[in-house]
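Colleague: below are the sequence and a predicted model for it; my questions follow.
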Amino acid sequence: MALRTKNSYGAITVSDDVIASLAGHLATECYGVVEVVPFNFSDSFSDLFKRNGKSRGVRIATKGDRIFVDLFVKIKYGLPVSAVSSSLKKTVKYGLEHFTGMIVDSIDVHVVGVKL
């Protein structure tokens, strides 16, 4: 489902794929995040055929003007998980709200592993 809103310029529609790509890009730019990883086998398999791999490991759900995000990441070894996940949530929340103008209701960070 895509996000739809209206403003003084007209109607705006943003697809979930665009939101997922943006969230994946913001996540990889965050300090302490090594990579965003696929959350299941079908996501890993379909990633082989996608041109844009930024949306892998990102699950987006929208309801009305609210965005719900699940991020599956590997973090750098030796960094506090709580600090990295808190920073990741703030970065992705700010970026998505600034880009879409919608409200990010929740961001769940799933730490799949650590990497050196």
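Modeller: Alright, I've got the coordinates. Just so we're clear, the structure is a prediction, and the values are computed from it rather than from any experiment. Numbering: from 1, shown residues only.
Colleague: from Val36, how far out is Val73?
Modeller: Val73 sits 5 Å away from Val36, going by Cβ to Cβ, to the nearest Å. For glycine as for every other residue, the C-beta is placed from the backbone atoms N, C-alpha and C.
Colleague: now for these two: what residues contact both?
Modeller: 27, 57 (Cβ atoms under 8 Å, 6 or more residues apart in numbering).
Colleague: who does the longest strand anywhere in the chain pair up with?
Modeller: Scanning the chain for the longest strand, with DSSP state E as the assignment, gives strand 103-115. Strand 103-115 pairs in its sheet with strand 66-76 (parallel), by DSSP bridges.
Colleague: the partner strand - what's its average pLDDT?
Modeller: Strand 66-76 shows an average pLDDT of 93 in the prediction.
Colleague: check stretch 10-27 too.
Modeller: The average pLDDT within stretch 10-27 is 88.
Colleague: what does that stretch contact?
Modeller: By Cβ under 8 Å, 6+ apart, stretch 10-27 touches 1-6, 33, 36, 52, 54-60, 62, 67, 69, 71, 73, 88, 91-92, 95-96, 99-101.
Colleague: please redo it, this time with the cut-off set to 7 Å
Modeller: 1-5, 33, 36, 52, 54-58, 60, 62, 67, 69, 71, 73, 88, 91-92, 95-96, 99-100 (Cβ atoms under 7 Å, 6 or more residues apart in numbering).
Colleague: residue closest to the middle of this structure?
Modeller: Ala23 (3.0 Å; Cα atoms, centre = their mean).
Colleague: doesn't that residue belong to a helix?
Modeller: Yes - counting by DSSP: H, G, I helix; E, B strand; the rest coil, one finds Ala23 located in a helix.
Colleague: so who does the nearest residue to it once chain neighbours are set aside touch?
Modeller: In this structure, Ala23 finds its nearest non-sequential neighbour in Val58, 4.8 Å apart by Cβ to Cβ, 6 or more residues apart in numbering. Val58 is in contact with 20, 23-24, 36, 69, 71, counting by Cβ under 7 Å, 6+ apart.
Colleague: now do Gly32
Modeller: 75-76, 79, 84, 87.
Colleague: let's see if you can find the most crowded of the residues you listed.
Modeller: Using other Cβ atoms under 10 Å as the neighbour test, those are led by Ile75, with 24 neighbours.
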